[in-house]
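Engineer: Take a look and give me a structure for this.
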Amino acid sequence: MSIKVAPSLLSADFSCLAQEIKKVERAGADMLHIDIMDGHFVPNLTIGPVVVKYIRKCTKLPLDVHLMIENPQEFVDAFVNAGSDMLTAHIETIPGSKLQALSSKLKRKGIKFGISLNPGTPIAKIKPALKYADFILVMSVNPGFSGQNFIPGAITKIKELSAIYKGDIAVDGGINNLTAKGVIAAGANILAAGSYIFGAKNTREAIERIRNAGK
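Structural biologist: Okay, the predicted model is just below:
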C-alpha cells in the first residue's frame, strides 16, 4: 500500500492556521489529522466542530478527525456536518454494542470510520471491532499532547495488527523520519506527524522523508 502522510494540526500555529494548512497542502500532504480533545478522556482541551467547519473552507484535503473524547457517538453528526471525511473514535470510549451502529451510520454518510487504541490497550481489545473499521489508528504516544517521544512498543502492536487486519493501519505520535521507518516496516501506511512537520525548515522535505522512510 502507498504511504500517506497526515500532518497533525495540533502542532500548527493557530494564529495563522489557514496559512499553516496551505503550507502543508502545497508541500504534498495527503490529508490533515485533527485532534479533538475534551479534557476528560485526555488531559487537554482543543477544538470542536466550529473550527473544523472553518478548516474545511481552507482546504480540499481529506480531514481525518480524531475524536479523543468520551461518548464520541453523541458528537458524530456535528463533526460530519462540519466537513469531516474520516472519523476516528477510541475503542476505550465506545461500548461494543454501539460499534456496529456507528460504523453503519458513517458508511451511509460516506465517511470512513477509524478505531483507535491507546498504548496500554492490547490488540485483543480491538479484535472483535476490526470488521466494523475502515482503518485502525495505533497510538504511539499516550494521547493528549504533541511533541511526545515515540513508544517503541507500538511497533510490536502494528506487526500484530497487520497479521490479522488487511485494511489501512494509521499511527500517531512521535513520528519522524527515524520512527517512520520502523512503523512502515511493521505495516502502517498512514502516518500522522505534528511537530516534525510543522517545526521543519523545509516542510516538503520533512513530509517526503516520512513518506520515503521505508524505502
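Engineer: For the worst-scoring helix or strand of the chain on mean pLDDT, C-alpha coordinates in PDB please.
Structural biologist: The helix or strand of the chain with the lowest confidence, counting by mean pLDDT, DSSP states H and E, is helix 96-108 at a mean of 91. Once non-C-alpha atoms are left out, helix 96-108 reads as follows in PDB (Å, rounded to 0.1, in the frame of the first residue of the first chain):
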ATOM      1  CA  GLY A  96     -19.000  -2.800  21.800                       C
ATOM      2  CA  SER A  97     -22.800  -2.800  21.300                       C
ATOM      3  CA  LYS A  98     -22.700   0.600  19.700                       C
ATOM      4  CA  LEU A  99     -19.800   0.000  17.300                       C
ATOM      5  CA  GLN A 100     -21.800  -1.600  14.500                       C
ATOM      6  CA  ALA A 101     -24.400   1.000  14.600                       C
ATOM      7  CA  LEU A 102     -21.800   3.800  14.500                       C
ATOM      8  CA  SER A 103     -20.000   2.100  11.600                       C
ATOM      9  CA  SER A 104     -23.200   1.700   9.600                       C
ATOM     10  CA  LYS A 105     -24.200   5.300  10.200                       C
ATOM     11  CA  LEU A 106     -20.900   6.600   8.900                       C
ATOM     12  CA  LYS A 107     -20.900   4.300   6.000                       C
ATOM     13  CA  ARG A 108     -24.300   5.600   4.900                       C
END
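Engineer: residues of that helix that come out buried?
Structural biologist: Using 16 or more other Cβ atoms under 10 Å as the burial criterion, the residues of helix 96-108 that qualify are 99, 102-103, 106. The way it works is simple: take the backbone N, C-alpha and C, and place the C-beta from them, glycine included.
Engineer: same check, this time on stretch 117-129
Structural biologist: Buried residues in stretch 117-129, counted by 16+ other Cβ under 10 Å: 117-118, 121, 123, 126, 129.
Engineer: Then stretch 58-71?
Structural biologist: Of the residues in stretch 58-71, those buried by neighbour count under the rule 16+ other Cβ under 10 Å are 59, 61-70.
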